[in-house]
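Enquirer: Turn this into a model:
(2 chains)
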Amino acid sequence: MALLEVKNLTKNYGGLIAVNDFELSLEKNELVGLIGPNGAGKTTVFNMLTGVHPPTAGTIELRHDEVYTNSLVGKKPYDIAKLGLARTFQNIRLFENLTVLDNIKIAMHNRMQYTITEGLLRLPRFWKEEARSTEECLNLLDVFDMKDSAYILAKNLPYGQQRKLEIARALATEPSVLLLDEPAAGMNPSETAGLMETIKFIRDKFDMTILLIEHDMHLVMNICERIIVIDYGKIIAKGKPDDIKSNPEVIKAYLGD
Amino acid sequence: MDKKNKKYYLINAIAILVVFLIIQTLMSTGMLNRYISTIIMLICINIIMATSLNLSTGFMGQLVLGHAGFMAIGAYTAGILGIALKTSGMPGFVMLIICLIAGGLLASIAGIIIGIPALRLKGDYLGIMTLGFGEIVRIALTNLTGLTNGAQGLTRIPKIANFTNVYFIMALCVAAIMMLSRSRHGRAIISIKENEIAAESVGVDTTFYKVSGFAISAFIGGIGGGLFAFTIGYIAPLNFGFMKSVDILVIACLGGLGSITGSVIAAIVFTILPEALRQFDAYRMIAYSLALILMMLFRPQGLFGTSEFSTEKTLAFAKRVLSKKGKRDKKAKKGGKS
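Expert: Numbers count the residues shown, from 1 in each chain, chains lettered A, B, ... in the order given. The predicted model follows:
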């Protein structure tokens, strides 16, 4: 069975069908792109996967190990995050007034075990786990070349680094699947090129499975192994980048008749 | 890291003790009269109230306009229990602790009851809801005449609080909030204020932390209320009206939402200020309000913003200044010789 298996996923807002019968099957270590014109329902799919909006119908299953799979339908966003699905947002959502380090430490919340009493009384486990997580955070920042900015406020980072920080924060939850919602939005070509390297690097370094929404076709066509195209909530095409490029349905959706 | 932190904990503990000893000596030698002693105890109580409100409003970012409601629940619970236990003959200190914990627990139950609907409300709407809560508590206390003696207030509460225990309970409460804010649980609470959606997406159980944030804030607020009852010896529903909530909020805001040491300083200033202005009776409130307006105009983030007073940084600063001065002196000497 695939790592993430989505079937018949549907979302209705009153009479409007935002997403209709969406399906997806992600294998481990795949890098898949989800594209479509504005308003096609891409972010709605993400929001259903991460529990922000409950789906009207359908199943979402995330494999835990060889034996167990968890259904994500009806779970809260934080429970889904604990089960191993992490995401970034279309418009950056950082903890702006906290330091870069604290941003990542918050994402490590569930990986620390000490209780509230141990924290209040500063018992040995508090010191041990805090020191360990600080070290892990700094290592993670080092991977993104951001170790030097660990103690500055997140809001003072340049735009490209804020994007990076959001990805780093998502990775700090140790997910099995990473969802990136328009990571290149608002970036200039050279920043986008840097981001492309970063995404490839993450996949190789952390052995990560990635699903990304993106409007930058150059980026999508270059790094994704498979692409799913949706329009008006429906899948209109899926396949390898080269097939998608020449698919008449896709051209019609983007350019009209 | 560990060792360094321990050193500063020790320095802070010693500083707390030194301040206590100075005030205690002044009191026992009679240099501070009863009036001033009571005001010092009220300062301690206001510090407890402002820091506890700072937890829910400053750190968690949830506007609470009914903090006096929690204070009232704590004060009445502790007061009623104190009157009941007065004749039991147990030592005052034990009785005080039992009453305060009971008051805190009942207040924190109220905090949980408030916290659950607060999960669905944000910002001003939550403010209005908590304002309603505060008024409900006040009106309930006025009308439950059998239990609370109604509008006449609860009299003859044993005055078992003295400066020593008020001061150390205050220090304990402030230290607890400080420690909490710098642990993983505290960070989870702060992340709710910063960006709730992002907090959820990285696995922070926002429901749990919001409700527990309210519960802890109410618990400590209840303790503050209990101490108030045992300091003054008389409580009436009017002590815990809307204006009391506003007073606490003003202190927390002016100290800086998100800064505990800021709350402490602001609580000291804004307890002394109205008392010091008493001789200009008619103009007192004008001066007080003017201070608020000026403060908001020139320093809207409060005295400390979200930063804390830190012994470590202060000592480092002092060292730097001293060494510079030393160098300058040396230079001056050299200059003199040549």
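
Enquirer: now the helices: where do they sit in the stretch 51-200 of chain B?
Expert: For the stretch 51-200 of chain B, applying DSSP state H, counting those that start in this stretch gives helices covering B:67-85, B:92-118, B:123-143, B:145-148, B:163-181, B:184-194, B:196-201.

Enquirer: Buried residues of the fourth one, list them for me.
Expert: In other words, helix B:145-148. B:Thr148 (16 or more other Cβ atoms under 10 Å in any protein chain shown). Using the backbone N, CA and C atoms, a C-beta is placed for each residue, glycine as well.

Enquirer: and it, how far out from the chain's middle?
Expert: 28 Å (Cα atoms, centre = their mean, to the nearest Å).

Enquirer: Over to stretch A:217-236?
Expert: 16 Å.

Enquirer: in that stretch, what counts as buried?
Expert: Neighbour-count burial for stretch A:217-236 [16+ other Cβ under 10 Å]: A:219-221, A:223-224, A:226-231, A:233, A:235-236.

Enquirer: now do stretch B:196-204
Expert: For stretch B:196-204, by 16+ other Cβ under 10 Å, it's B:196, B:198-204.

Enquirer: Around chain B, which positions in the stretch 151-257 of chain A sit nearby?
Expert: Remark: the part of the stretch 151-257 of chain A in contact with chain B comprises A:169-170, A:172-173, using Cβ under 8 Å from any Cβ of the partner chain.

Enquirer: Any of these buried? List them.
Expert: By 16+ other Cβ under 10 Å, these give A:169-170, A:172-173 as buried.

Enquirer: can you tell me which of the buried residues of stretch A:217-236 are in helices?
Expert: Mapping the buried residues of stretch A:217-236 onto helices (DSSP state H) picks out A:219-221, A:223.

Enquirer: Enumerate every residue touching the closest residue to chain B within the stretch 101-250 of chain A.
Expert: Minimum separation of the stretch 101-250 of chain A from chain B (Cβ to the nearest Cβ) falls at A:Gly119, amounting to 3.2 Å. Residues near A:Gly119 by Cβ atoms under 8 Å, 6 or more residues apart in numbering or on different chains: A:126, B:179-180, B:183-186.

Enquirer: and which of these is nearest B:Tyr283?
Expert: B:Leu180 (40.8 Å; Cβ to Cβ).

Enquirer: For the closest one, which non-adjacent residue is closest in space?
Expert: Distance criterion Cβ to Cβ, 6 or more residues apart in numbering or on different chains; nearest residue to B:Leu180, sequence neighbours excluded, is B:Gly186 at 4.7 Å.

Enquirer: Next one: the one you found from A:Ile106, what distance?
Expert: 10 Å (Cβ to Cβ, to the nearest Å).

Enquirer: Same drill for the two, tell me which one is more crowded.
Expert: More crowded of B:Gly186 and A:Ile106, by other Cβ atoms under 10 Å in any protein chain shown: A:Ile106, with 25 against 22.

Enquirer: State the helix or strand in which that one lies.
Expert: When elements are assigned from DSSP states H and E, A:Ile106 belongs to helix A:100-107.

Enquirer: ok, that helix near chain B or not?
Expert: Yes: Helix A:100-107 is in contact with chain B by Cβ under 8 Å from any Cβ, via A:102, A:105-107.

Enquirer: How much space separates B:Ala140 from chain A?
Expert: Going from B:Ala140 to chain A by Cβ to the nearest Cβ, to the nearest Å gives 31 Å.

Enquirer: hang on, B:Ile220 packs against B:Ser52?
Expert: Yes: using Cβ atoms under 8 Å, B:Ile220 is in contact with B:Ser52, at 3.7 Å.

Enquirer: Touching both of those two, which residues are there?
Expert: B:173, B:177.

Enquirer: Give me the more crowded residue out of these two.
Expert: Set B:Ile220 next to B:Ser52 and count neighbours by other Cβ under 10 Å: B:Ser52 wins out with 32 against 28.

Enquirer: ok now do that one, which residues does it touch?
Expert: So B:Ser52 contacts B:67, B:70, B:173, B:177, B:216-221, B:224 (Cβ under 8 Å, 6+ apart).

Enquirer: now those in a markdown table, with pLDDT and distance to chain A?
Expert: Listed next are the contacts of B:Ser52 as a markdown table, based on pLDDT from 0 to 100; distance: Cβ to the nearest Cβ, whole Å:
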| residue | pLDDT | distance to chain A |
| --- | --- | --- |
| B:His67 | 95 | 22 |
| B:Phe70 | 96 | 20 |
| B:Cys173 | 96 | 11 |
| B:Ile177 | 95 | 10 |
| B:Ile216 | 96 | 9 |
| B:Ser217 | 96 | 14 |
| B:Ala218 | 97 | 16 |
| B:Phe219 | 97 | 12 |
| B:Ile220 | 97 | 12 |
| B:Gly221 | 97 | 18 |
| B:Gly224 | 97 | 18 |
